[in-house]
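[1] model this:
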Amino acid sequence: MTEPVLANELRHRFAEQLAAEGKLPADWRAAAETVPRHLFTTKFYVPTDSPTGVTRYVPITRELVGTEEWLRRVYSDRTLITQFDGQDVDWSDPQPLDGGDPTSSSTLPSLVVQMLDALDGDDETTVTEYGTGTGYSTALMCHRFGDHRGTSVETDRGVAARARVALNYCGYSPGLVVGNGLAGAGLRTPAARTIATMGVRGIPWAWLRETTPGGLVVATLRGWLRSLGLVRLEVQDDEHAVGQFIAAEPGFMMARQQQAPANLGMLPGDDDGKTRETEVGPETLHMPDSGFVAQLAIPNARSFFMPGDGGRMRAYVLDAANGSFAVLTEDGDGWSVREGGPVSLWAEVEQSLALWQAAGSPHATEFGVSVEPDRQRVWLDDAEDGPSWRLPVA
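    So this is what the prediction gives:
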């Protein structure tokens, strides 16, 4: 069987599988069956388990694994990584990688079509996309809405160039812009819809300015601890939008301009801060719902584990904005916390969890989001009177 024939068969089979699982909206099935993902992902990496505990990424190309296995990997509901640490891969001799920070990819198709469907567009819809990546999602958008109705923005010049080649080869010619997407696309006429395929800490006001009033913005909010989730906002004017989370934890990479500082700074000394007992352990940060609330409570924090004296495990929570810290240490069957700096970080987590639990521990999709001229907030129950948390201003 030739490559084009096999690719077409696998593509249709994959679309049928997604549809059967309820992951492919009817309006997007034709695009999924038509757009050749393999032409946008000729070479990529996938994560595998490693005995060291560090994620190992292995390269996949038709030359390395054969045409059939390569295509089967392409037409699966997996994210295919095409770049690490902002540097292009040397595909003349690709090697497995231990660790590394993925910075460009073709995201799992079920999430891509979920986001595109959330735009609630039709044949007359104009769309701006932030995060061209491989160009696959851009091609889906072009197939559904038409080339002349779509503009895509990519911050990495090399990534953008490869996407342009693949799009043109497949017969798509949307507007392509290279630049900092957080500053907008430079549109003369606002689009009816805006979609972002990278995580942001807050919604850039430029996206509101370049979306028509009554239009929609679909994007992933995330922090330095974890992803918050997928939001859909209705734009009221160029400074106001309101909406809610429509899904929790989609795994988009953070926008490069908003990645956490590389340097964690000075670790607190053993005598720094004040120690007390706590009923809230560090596992809270990594659990699905409580982790969502913790990220809202401490938006500028990062966490990691290190062994302390006597081999007892410590969890460090460090705030990059104000230097505050919390160090949690195993204490018998529980934990103690040592806090220092201008903000009691762990107290912020405890208070937010208490508010959330008092409201019945609602899922992320019950939280609303408001973008206003001087602030952005995530809120619960009521936009004016309910508990709320500020997002970092984009």
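[2] got the residue ranges for the strands in the stretch 251-394 of the chain?
    All strands of the stretch 251-394 of the chain, identified by DSSP state E, counting those that start in this stretch, fall at 274-278, 301-307, 313-319, 325-331, 334-340, 367-372, 375-380, 388-390.
[3] can you redo the ones you listed as CSV with distance to Met141?
    All C-beta atoms are positioned from the backbone trio N, CA, C, and that covers glycine. As requested, these are exported to CSV (distance: least, CB to CB, whole Å):
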stretch, distance to Met141
strand 274-278, 47
strand 301-307, 34
strand 313-319, 38
strand 325-331, 43
strand 334-340, 47
strand 367-372, 23
strand 375-380, 26
strand 388-390, 32
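[4] need those strands in TSV with mean neighbour count, mean pLDDT and distance to Ala196, can you?
    Output for these, formatted as TSV (neighbours: other CB atoms under 10 Å; pLDDT from 0 to 100; distance: least, CB to CB, whole Å):
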stretch	mean neighbour count	mean pLDDT	distance to Ala196
strand 274-278	13	95	36
strand 301-307	15	89	22
strand 313-319	20	91	26
strand 325-331	21	92	31
strand 334-340	19	93	35
strand 367-372	21	96	14
strand 375-380	19	95	15
strand 388-390	17	95	20
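[5] and the spatially most central residue of the chain, what is it in contact with?
    In the chain, the residue lying closest to the centroid (CA atoms, centre = their mean) is Phe252, at 2.3 Å. Listed by CB atoms under 8 Å, 6 or more residues apart in numbering, the contact partners of Phe252 are Thr107, Gly131, Thr197, Met198, Gly199, Thr220, Arg222, Ser227.
[6] ok, longest helix in this protein?
    helix 3-20 (DSSP state H).
[7] okay, helices next: where are they in the chain?
    Assigned by DSSP H, the chain shows helices spanning 3-20, 29-34, 62-65, 67-74, 109-118, 136-145, 157-169, 205-209, 288-297, 345-358.
[8] between the fourth one and helix 3-20, how many degrees?
    Okay, so that is helix 67-74. 30 degrees (axes from the mean of the first three to the mean of the last three CA atoms, to 10 degrees).
[9] what's helix 67-74 packed up against?
    Using 3 or more CB pairs under 8 Å, 6 or more residues apart in numbering; DSSP states H and E as the contact test, the elements touching helix 67-74 are helix 3-20, strand 56-61, helix 62-65.
[10] quick one: which of these is nearest Asp122?
    Closest to Asp122 of the helices and strands packed on helix 67-74, according to CB to CB: helix 3-20, at 20.5 Å.
[11] what is the closest one packed up against?
    The helices and strands touching helix 3-20, judged by 3+ CB pairs under 8 Å, 6+ apart, are helix 29-34, helix 67-74, helix 109-118.
[12] same thing but 7 Å
    For helix 3-20, the packing partners by 3 or more CB pairs under 7 Å, 6 or more residues apart in numbering; DSSP states H and E come out as helix 29-34, helix 67-74.
[13] could those go into a markdown table alongside mean pLDDT and mean neighbour count?
    Formatted as a markdown table, the helices and strands packed on helix 3-20 follow (pLDDT from 0 to 100; neighbours: other CB atoms under 10 Å):
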| stretch | mean pLDDT | mean neighbour count |
| --- | --- | --- |
| helix 29-34 | 98 | 18 |
| helix 67-74 | 98 | 18 |
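[14] closest to Ala354 out of those?
    It is, among these and with distance given as CB to CB, helix 29-34, at 44.1 Å.
[15] just the CA atoms of that closest one, as PDB, please.
    Only the C-alpha atoms of helix 29-34 are listed here, as PDB (Å, rounded to 0.1, in the frame of the first residue of the first chain):
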ATOM      1  CA  ARG A  29     -15.300  15.800  10.800                       C
ATOM      2  CA  ALA A  30     -14.700  16.700   7.200                       C
ATOM      3  CA  ALA A  31     -11.700  18.700   8.200                       C
ATOM      4  CA  ALA A  32     -10.300  15.900  10.300                       C
ATOM      5  CA  GLU A  33     -10.800  13.400   7.400                       C
ATOM      6  CA  THR A  34      -9.200  15.800   4.900                       C
END
